[in-house]
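# pasting the sequence and the predicted coordinates here, then a few questions.
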Amino acid sequence: AQSVTQPDIHITVSEGASLELRCNYSYGATPYLFWYVQSPGQGLQLLLKYFSGDTLVQGIKGFEAEFKRSQSSFNLRKPSVHWSDAAEYFCVVTGGGNKLTFGTGTQLKVEL
Amino acid sequence: DTEVTQTPKHLVMGMTNKKSLKCEQHMGHRAMYWYKQKAKKPPELMFVYSYEKLSINESVPSRFSPECPNSSLLNLHLHALQPEDSALYLCASSQDFPTGNSPLHFGNGTRLTVT
């Protein structure tokens, strides 16, 4: 069975600081991995996705993520956080089949 | 701008009411989904339609009744709900199901309050 762990429930960073959100997955083969962002009261917006190929993927809003098979990780990064990045971030894994497995989410707070 | 449109944005209903949530997408996607999301939790899958046929029902109580009139539209009919059904209901679509490598596209949700 596939699973996703987001170890950090809450993270607070200062505006302009760098950001890294952690995601560890468990899956028997190469998974399909996604990061979604959810602003308060809104739906989920796809930030980026990894299927194969280059392990460093670029997404929207200046985000990137790196797939590390040896560590079963897919951490999300941004070099300089903006106040508008405050939101809930979900790491999602699927084997390409019937089910998406969501992590429990990381709530990002940005201090001005 | 979201490519999946949900109406209404907010809904308050009593436990004896009947109401419907609506979802529409025009991306040519063949799969559509209903998710339920409680506060501070990830979305939970309720139903999946593929090519207008129900593919997955995650043991959802019968007071929730989905309908897919065509490939662009998805409804969720609500009847005799309980206060614990209050949540954000999210609609999503994807190109195919099983998803393969196609991501889900989510709407902005309907905030449902059951009184």
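That came through, no problem. Numbering: from 1, shown residues only, chains lettered A, B, ... in the order given.
# pull out the buried positions in stretch B:27-41.
For stretch B:27-41, a neighbour-count test (16 or more other C-beta atoms under 10 Å in any protein chain shown) marks B:29-37 as buried. In this view, the C-beta of every residue, glycine as well, is placed from N, C-alpha and C.
# report how far apart the opening and closing residues of it are.
Terminal residues of stretch B:27-41 are spaced 28 Å apart (C-alpha to C-alpha, to the nearest Å).
# cool, and stretch A:15-27?
With C-alpha to C-alpha applied, stretch A:15-27 spans 35 Å between its terminal residues.
# does A:Gly43 really touch B:Val4, like I thought?
Yes - with contact defined as C-beta atoms under 8 Å, A:Gly43 counts as touching B:Val4 (7.5 Å).
# overlap in contacts, the two.
Shared contacts of A:Gly43 and B:Val4, defined by C-beta atoms under 8 Å, 6 or more residues apart in numbering or on different chains, comprise B:106-107.
# now the residue lying closest to B:Thr7 once chain neighbours are set aside: how far from chain A?
Leaving aside its chain neighbours, B:Thr7 sits nearest to B:Lys22 (4.9 Å; criterion: C-beta to C-beta, 6 or more residues apart in numbering or on different chains). Counting by C-beta to the nearest C-beta, to the nearest Å, the gap from B:Lys22 to chain A is 15 Å.
# mind checking pLDDT for B:Thr2?
Per-residue pLDDT puts B:Thr2 at 62.
# please name the residues that touch B:Glu24.
So B:Glu24 contacts B:4-6, B:72-74 (C-beta under 8 Å, 6+ apart).
# then B:Ala31?
Residues near B:Ala31 by C-beta under 8 Å, 6+ apart: B:48-51, B:55, B:93-97, B:99.
# just these that are near chain A?
Subset of the contacts of B:Ala31 in contact with chain A: B:48, B:55, B:97, B:99, counting by C-beta under 8 Å from any C-beta of the partner chain.
# show me where chain B has helices.
Ranges of helices in chain B, per DSSP state H: none exist.
# got any ranges where it has weak pLDDT?
Counting by pLDDT under 70, chain B has low-confidence residues at B:1-2.
# which stretches in it count as strands?
Residue ranges of the strands in chain B, as given by DSSP state E, are B:4-7, B:10-13, B:18-25, B:31-37, B:44-50, B:53-57, B:64-70, B:73-79, B:87-94, B:105-106, B:110-114.
# looking at those strands, which is nearest to A:Leu19?
strand B:105-106 (22.4 Å; C-beta to C-beta).
# parallel or antiparallel, list what pairs with that closest one.
Its sheet considered, strand B:105-106 pairs with strand B:87-94 (antiparallel) by DSSP bridges.
# centre of the chain to the strand it pairs with, how far?
Averaged C-alpha coordinates place strand B:87-94 at 4 Å from its chain's average position (C-alpha atoms, centre = their mean, to the nearest Å).
# hmm, who's touching that strand?
The set of residues external to strand B:87-94 that reach it, using C-beta under 8 Å, 6+ apart, is A:41, A:43-44, B:4, B:6, B:21, B:23, B:25, B:27, B:29, B:31-38, B:43, B:74, B:76, B:102-107, B:109-112.
# and the closest residue to A:Thr55 other than its chain neighbours, how many neighbours?
Sequence neighbours aside, A:Phe67 is the residue nearest to A:Thr55 in space, at 4.4 Å (criterion: C-beta to C-beta, 6+ apart). When neighbours are counted by other C-beta atoms under 10 Å in any protein chain shown, A:Phe67 registers 22.
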